[in-house]
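Visitor: Fold the following and give me the result.
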Amino acid sequence: MRRPSLVRTLELMEALAHRPRAFVRVTGPDAEDYLQRMVSNDVAVLAPGESCEALLLTPKARVIAPLRVLRRGDDDFLLLTEPELGETLRDELLRMRFAAKAEIELEEHSSYLLLGENGAGVPNDDYGVPAVEVLDQDPPDDLPSLSDEDLERLRIEAGTPRFGKEIDDRVLPAEAGLVDRAVSLTKGCFPGQEPIARLHYRGHANRELRVLDVDGARVGAEIVREGKVVGRVTSVAPGRALAYVRTEVPENEVLDIEGAEARHARMRPA
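Guide: The predicted model follows:
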């Protein structure tokens with residue numbers, strides 16, 4: 001029996017969760033200009049206290065690191081990324097810095113994820129419900145805590161890609177659904193801009209990330225339609241899977257994953 005959506009369960013409550021992060025600061029008189037030239041989103045429009053999603057990309061638009069960029073002051077930015085990518089992000093920004101007057105270093109912070117309507121912190125859109133990341137504060141002791149498994153299920157239900165699972169050096173941002181949420185198509189140049197714009201305006205991705213209703217799927221399993229492989233599973237939770245599927249496959253199609261029926265699950269907006 002398939003479990004009901006955890007998103008719906010959490011819409012009427014608040015909860016805490018553990019969300020590991022690495023933190024990189026970029027400060028100095030050229031911090032804004034340098035980040036504006038290096039990351040995929042428009043950080044120049046951020047006021048102190050505001051943030052946006054962004055990507056650090058190769059010139060061929062392969063993802064080096066997904067980011068949340070928080071502007072702490074006129075010349076002070078904090079980049080939140082996956083815990084295994086902190087040094088990679090710092091080193092890549094240092095490598096490309098040249099004459100830019102910007103200090104780029106790792107920072108240490110404590111953090112937790114607060115899910116619910118009333119949180120104050122750095123917005124997080126990964127889980128299909130309102131959420132913020134709270135830095136350097138003790139979590140309240142009167143709220144329930146989500147397990148890592150339940151948080152992963154929320155991510156899968158929301159259709160959010162994760163580095164190392166849905167995002168690697170073979171995946172384009174458009175395939176992972178990252179262009180709308182983490183890329184500005186109107187700001188100045190940045191690494192990877194040309195292939196992203198060319199695909200956006202002149203073509204389409206050959207595959208896309210979809211949430212599927214399926215029992216017992218495993219990561220890496222092939223998705224079959226009429227005897228032809230049309231995708232692969234990237235993440236799983238009880239009754240759900242996140243998978244790359246060929247874009248020409250209709251969303252109402254019944255698919256096969258190692259003998260189990262899989263149907264497209266409508267993703268709810270974050």
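
Visitor: now stretch 40-56, how far from the chain's geometric center?
Guide: Centroid separation between stretch 40-56 and its chain, computed with Cα atoms, centre = their mean, to the nearest Å, is 15 Å.

Visitor: in stretch 87-100, what's buried?
Guide: 88, 89, 90, 92, 93, 97, 100 (16 or more other Cβ atoms under 10 Å). For the C-beta atoms, the positions are set from N, CA and C on the backbone; glycine is no exception.

Visitor: Show me what that stretch is in contact with.
Guide: 22, 24, 26, 28, 30, 33-34, 38, 56, 64-65, 67, 79, 81, 104-106 (Cβ atoms under 8 Å, 6 or more residues apart in numbering).

Visitor: Now the buried members of those.
Guide: 22, 24, 26, 28, 30, 33-34, 38, 56, 64-65, 67, 79, 81, 104.

Visitor: where are the low-confidence patches of the chain?
Guide: Scanning the chain with the threshold set as pLDDT under 70 gives 1-13, 266-270.

Visitor: all strands for the stretch 1-150 of the chain, in order.
Guide: Applying DSSP state E, counting those that start in this stretch to the stretch 1-150 of the chain gives strands spanning 15-17, 22-27, 51-57, 63-73, 76-81, 103-107, 111-115, 122-123, 131-135.

Visitor: Can I get the ones you listed in TSV including distance to residue 201?
Guide: Formatted as TSV, the strands of the stretch 1-150 of the chain follow (distance: least, Cβ to Cβ, whole Å):
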stretch	distance to residue 201
strand 15-17	38
strand 22-27	30
strand 51-57	17
strand 63-73	20
strand 76-81	28
strand 103-107	33
strand 111-115	36
strand 122-123	29
strand 131-135	33
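
Visitor: For residue 246, find the nearest of those.
Guide: Between residue 246 and these, the tightest spacing by Cβ to Cβ is seen for strand 63-73, at 20.8 Å.

Visitor: Format the CA atom coordinates belonging to that closest one as PDB.
Guide: Provided in PDB are the C-alpha atoms of strand 63-73 (Å, rounded to 0.1, in the frame of the first residue of the first chain):
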ATOM      1  CA  VAL A  63      27.300  21.600 -12.500                       C
ATOM      2  CA  ILE A  64      30.300  22.100 -10.200                       C
ATOM      3  CA  ALA A  65      28.200  23.000  -7.200                       C
ATOM      4  CA  PRO A  66      24.500  24.000  -6.500                       C
ATOM      5  CA  LEU A  67      24.300  27.000  -4.100                       C
ATOM      6  CA  ARG A  68      22.200  29.200  -2.000                       C
ATOM      7  CA  VAL A  69      23.700  32.700  -2.100                       C
ATOM      8  CA  LEU A  70      23.000  34.900   1.000                       C
ATOM      9  CA  ARG A  71      23.900  38.500   0.900                       C
ATOM     10  CA  ARG A  72      24.900  39.600   4.400                       C
ATOM     11  CA  GLY A  73      26.100  43.100   3.500                       C
END
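
Visitor: so what does that strand touch, helix or strand wise?
Guide: strand 51-57, strand 76-81, helix 86-95, strand 122-123 (3 or more Cβ pairs under 8 Å, 6 or more residues apart in numbering; DSSP states H and E).

Visitor: Go through these and name the closest to residue 226.
Guide: Comparing the helices and strands packed on strand 63-73 by Cβ to Cβ, strand 51-57 comes nearest, at 35.1 Å.

Visitor: Does residue 244 touch residue 168 like I think?
Guide: No: counting by Cβ atoms under 8 Å, residue 244 stays clear of residue 168, with 11.2 Å between them.

Visitor: The two - which one has more neighbours?
Guide: residue 244 (22 against 13; other Cβ atoms under 10 Å).

Visitor: Which of the helices and strands packed on strand 63-73 sits closest to residue 262?
Guide: Of those, nearest to residue 262 by Cβ to Cβ is strand 51-57, at 28.7 Å.
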